[in-house]
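K.L.:
The amino acid sequence is not available; the structure is as follows:
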Ligand code: SF4
């Protein structure tokens, strides 16, 4: 999973089989974990050793399309403006969906903790913006999200449209699962992107398709 702060960072397998590290990521990781220095040495020219070293510190160079397309802002673990714990909830979405939805192409899922939108939820295929949801008349609140679809950039530039309002954080993994399954079940072909699929339908039709998807 990327974060907004290290969006330029990357680890990738080179043509020669070794692992390539962007300077941004390596510098950030070195500051946080001295084991990364040993990892960089171990990985030189040997992808298997590098992958094993990454896994030893809870990272990996391998990920399915759900995890690689996931971006979260700092969230309330480090930002006083946040309405929600975006990083934890992004991780929850990935853990839930990656074993239940088999994507064959990228779908960008952006979680941002407040309207400042550091993770640019407005231009994600799926964009979640953190909110507080009142759960009783005493004013108690839980963390949650408004969820948007169909945002894009470059030649596809447009802000996403809200599809679900006030979704509790604990319900977002299953909601995203329904959205991804609705896309796979109703797209015109494997070549139709999530963006094209969502822009082809009105919000009520997309909601209906999501509602037809079974989840555990
Ligand atoms: S989007 Fe809001 S909550 Fe998230 S890091 Fe930026 S200012 Fe903080």
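P.N.:
Yep, it's here. Model, not experiment: these values are computed from the prediction. Numbers count the residues shown, from 1 in each chain.
K.L.:
Tell me the spatial nearest neighbour of residue 212, not counting adjacent residues.
P.N.:
Nearest non-adjacent residue to residue 212, counting by C-beta to C-beta, 6 or more residues apart in numbering: residue 182, 7.1 Å away. (Each C-beta comes from the backbone N, C-alpha and C, glycine too.)
K.L.:
That should have said residue 123, apologies.
P.N.:
Nearest non-adjacent residue to residue 123, counting by C-beta to C-beta, 6+ apart: residue 151, 4.0 Å away.
K.L.:
Repeat that for residue 60.
P.N.:
Using C-beta to C-beta, 6+ apart and skipping residues adjacent in sequence, the residue nearest residue 60 is residue 54, 5.4 Å away.
K.L.:
What of residue 81?
P.N.:
Distances taken as C-beta to C-beta, 6+ apart place residue 114 nearest to residue 81, at 4.7 Å, with adjacent residues excluded.
K.L.:
Cross-check the contact I'm expecting between the one you found and residue 128.
P.N.:
No. In this structure, residue 114 is not within contact of residue 128 by C-beta atoms under 8 Å, at 11.8 Å.
K.L.:
If you count surrounding residues, which of these two has more?
P.N.:
residue 128 (31 against 19; other C-beta atoms under 10 Å).
K.L.:
those helices in the chain, which residues are they?
P.N.:
23-32, 35-43, 47-56, 65-68, 86-97, 172-186, 194-199, 203-211 (DSSP state H).
K.L.:
where does residue 118 land on pLDDT?
P.N.:
According to the prediction, residue 118 has pLDDT 96.
K.L.:
same check, this time on residue 87
P.N.:
On the pLDDT scale, residue 87 is placed at 95.
K.L.:
you'd agree it is up against residue 70?
P.N.:
No. If you go by C-beta under 8 Å, residue 87 and residue 70 don't touch, sitting 9.9 Å apart.
K.L.:
Among those two, which residue is more densely surrounded?
P.N.:
Shown here are residue 87 and residue 70; by other C-beta under 10 Å, residue 70 has more neighbours (27 against 22).
K.L.:
The more buried one bridge partners, please.
P.N.:
residue 109 (DSSP bridges).
K.L.:
ok, it to the ligand distance?
P.N.:
Separation of residue 70 from the ligand (C-beta to the nearest ligand atom, to the nearest Å): 15 Å.
K.L.:
again, but for residue 123
P.N.:
Distance, residue 123 to the ligand, by C-beta to the nearest ligand atom: 14 Å.
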